[in-house]
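# show me how the following folds:
(chains A and B)
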Amino acid sequence: MLNKMLEVENMSCGYGGTDIVKNISFTAGCGEKIAILGPNGCGKSTVLRSLSGIITHKGEIRLDGVEIGRLSRHELSEKVSLFSQISSVYYSYSVYDTVEMGRYQINSQKKSLSGIFGSESDKTDAIAVEKYLRSMGLWELRDRLITELSGGQLQRVMLARSFVQEPKLLLLDEPTNHLDISHQLALIEHLKTWTSESDDRLLIGVFHDLNLVPALFERVILINDGVILADGRTSEILKSDVISRAYGADILSCMRKNCEFWCD
Amino acid sequence: MLRLSKRFPRQYTPKHMATKQDKRARVGILLMLALSALIIIAGVSLGSTDISFMDTVKSIISGAFHIENSLGVSPGVQAIVFKLRLPRVLLAFLTGMAMAMSGAVTQSVLHNPLASPYTLGVSSGASLGAAIVTVLGITLPIARELSLAAIGTVFGIAAVIVCASFTAKVDKNMGSATIVLMGMVLSLFLSAVFTLIAGLSKENMTMLMRWQMGSFGSKGFKSVGVLAAVILVCCTAIMLYTRELDIISLGDEQAFSIGVNVKRVKWILLILTAVVSGTAVSFAGVIGFIDLIAPHLARRLFSPKHKYLCPLSALIGGCFMVVADLVSRIAIENTELPVGAVTAFIGAPFFAYVYFAGRRGRADAK
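Numbers count the residues shown, from 1 in each chain, chains lettered A, B, ... in the order given. This is a model prediction of the structure:
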């Protein structure tokens, strides 16, 4: 690793005084794609939330050498974007407007009352919004209302909204939920191009579907009970018995049986 | 990518970026402005003695610009229009605006389509303040005849601040569910104190009950001026936060990640809505329903984007309130119905029709 974009040192975090994640440390460099795996309730999402600054943490999280607790909300959102599940949508914004909201931290300085008959966003915003609407397969749906979308379509809208933020560190909490298999594969391809487009990008994702992990991630951090069980190359960790121990199920033989079915 | 970049310079002028929803909302604002003017003139013209629209307009113009001969309208008519009806209609319109706009903001900030400033304790706080003033017979030095309104407003705002600070203590992130629960607990508690005071001081009971039912009668231009000033200041401030409102209405955590300072924006907006709705309640009484339905109508008919939603809700709320007040004056001769009951009485069926008819149509179309 040439550079250390993200350094996590003895970090603990949780809700209401109890630590769910205990004393974890890892570093990650630009261009890496890391999957955080582990059973339900082990603290995966909590790690993502503390990395994005939503919940406070003890210990150190340094981004480009700066502790994130010292960054303002605005500075942090220029660098980090967290994609998380949206539970329910009550208000019927159009797909285009919803995705455009992701440009907030880029053009929020322009505050004006004349906005009613104009728009705060400019050409760069429009280009970014169109680019990610197209890459998420939403361009044709741009005038639809988000209250009328299916779960998978809404998921893609929210993903596009994270992308237009143009973060350096993209945190994805179960991005493939609700997506059908073709959109799952398309998303993985898209994430690959996203990380390779620029050399200062880092992707960290929480996944439940182990089948999708090798296709995208080179590195896996395995968490159980709030501590890191293993951290290493995907090919090594997914095939070791650490993973079976973490999930409490015989993963390897399970996968092999699957393979037999598909390879016949 | 190449194909895209070629097309951008030509295609992306702000005009092209406006979605269909935006265009509809812009037309909607112009339409609602025209409708508002019409409804205000109608509200002034109609009543126990009907005055022609022309005479109404003439009286308003001559009154506003102090024209001596009243443009040929008889002084009696001019007095009815300018001294009695115009302040009343304007007060109704402003109250409707205040309630509707604060309703729109609370619904979005709390991600709850059923929330309203009343959920946060504004009305029960203001009622309690009014009860204390009435029972103790307090008159403030500068405010004089507006003492009741002034103290009511302060109590209304205080209730919201208490609600928000308790929430912040229990829940660091000011979660919406926590705010709603805290507001309901506080509202019920304050209402209980109000009921106790009203029950113990029998001579004031009828007056307090009447005050709560709401009325726009017997108030002058002084009230109109104060309410208009408060609305102008607070609503302008709210309009500066329309983008944050859009983002927050889709979830706190997502808004936080996009870069909105959720907690600070929530505090600012809750206090602004408390000031607007608290003032309105203190001048006009506890008038429900408009805060709930006007924003929903504006969203359904025009756009949920707050830069359109806030002004549109305000205009819809204002028009609706003037109509409700008109009905309360002329439905039964020589009797004035409580306007709070009228809003719900015409509002509920109207709302049900627009909301559910629209929804069914959309489901069929699929």
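# what are the ranges of the helices in the stretch 201-350 of chain B?
With DSSP state H, counting those that start in this stretch as the criterion, the stretch 201-350 of chain B has helices at B:202-213, B:221-239, B:242-248, B:252-258, B:262-284, B:290-301, B:306-330, B:339-365.
# in three-state terms, label residue A:172 for me.
With DSSP: H, G, I helix; E, B strand; the rest coil as the basis, the three-state label of residue A:172 is strand.
# residues near it, how many?
The number of residues packed near residue A:172 is 22, by other C-beta atoms under 10 Å in any protein chain shown. C-beta coordinates here come from the backbone N, C-alpha and C atoms, glycine included.
# for it, give its distance to residue A:228.
Per C-beta to C-beta, to the nearest Å, residue A:172 is found 19 Å from residue A:228.
# equivalent analysis for residue A:72, please.
For residue A:72 relative to residue A:228 (C-beta to C-beta), the value is 30 Å.
# between those two, which has more neighbouring residues?
The residue with more neighbours, out of residue A:72 and residue A:228, is residue A:228; 20 against 11, by other C-beta under 10 Å.
# now that one: which helix or strand?
According to DSSP states H and E, residue A:228 maps onto strand A:227-233.
# quick check: next helix or strand after that strand?
According to DSSP H and E, the helix or strand after strand A:227-233 is helix A:234-239.
# show me how far that next one is from its chain's centre.
Between the centre of helix A:234-239 and the centre of its chain there are 21 Å (C-alpha atoms, centre = their mean, to the nearest Å).
# buried ones in it, by neighbour count?
Of the residues in helix A:234-239, A:234, A:237, A:238 count as buried by neighbour count, 16 or more other C-beta atoms under 10 Å in any protein chain shown.
# that older thread, closest to residue B:177 out of the helices of the stretch 201-350 of chain B?
Among these, helix B:252-258 comes nearest to residue B:177, with 10.5 Å by C-beta to C-beta.
# tell me which other helices or strands the closest one touches.
helix A:73-79, strand A:80-83, helix A:151-164, helix B:242-248, helix B:262-284 (3 or more C-beta pairs under 8 Å, 6 or more residues apart in numbering or on different chains; DSSP states H and E).
# is the shortest one positioned near chain B?
This means strand A:80-83. Yes - under the criterion of C-beta under 8 Å from any C-beta of the partner chain, chain B is reached by strand A:80-83 at A:80, A:81, A:82, A:83.
# looking at the residues you listed, spot the one nearest chain B.
Each of the residues of strand A:80-83 next to chain B was scored against chain B by C-beta to the nearest C-beta, and residue A:82 proved nearest at 4.2 Å.
# local confidence estimate at that closest one?
At residue A:82, the predicted lDDT confidence score is 92.
# let me see the contact set for it.
A:48, A:49, A:51, A:52, A:54, A:162, A:171, A:173, B:253, B:257 (C-beta atoms under 8 Å, 6 or more residues apart in numbering or on different chains).
# how does it look with 6 Å?
Residue A:82 makes contacts with A:52, A:171, B:257, as judged by C-beta atoms under 6 Å, 6 or more residues apart in numbering or on different chains.
# now the stretch 151-264 of chain A against chain B: closest residue?
residue A:165 (6.5 Å).
# look up how far residue A:83 lies from the residue of the stretch 201-350 of chain B found nearest chain A.
Per C-beta to the nearest C-beta, residue B:259 is where the stretch 201-350 of chain B lies closest to chain A, at 3.0 Å. Per C-beta to C-beta, residue B:259 is found 14 Å from residue A:83.
# also residue A:130?
20 Å.
# hmm, back to that, among the helices and strands packed on helix B:252-258, which is nearest residue A:242?
Comparing these by C-beta to C-beta, strand A:80-83 comes nearest, at 27.2 Å.
# low-confidence ranges, chain A, go.
The model of chain A has pLDDT under 70 over residues A:1-2, A:108-121.
# hmm, 50 instead?
Residues of chain A meeting the criterion pLDDT under 50: A:1.
# list the contacts of residue B:35.
Taking C-beta under 6 Å, 6+ apart, one finds residue B:319 in contact with residue B:35.
# okay, the angle between the strand or helix carrying it and helix B:306-330?
Element membership for residue B:35, per DSSP H and E: helix B:20-45. On the basis of axes from the mean of the first three to the mean of the last three C-alpha atoms, to 10 degrees, helix B:20-45 is oriented at 20 degrees to helix B:306-330.
# toward the C-terminus, what is the element adjacent to helix B:20-45?
Tracing the chain C-terminally past helix B:20-45 and defining elements by DSSP H and E, one meets helix B:53-64 next.
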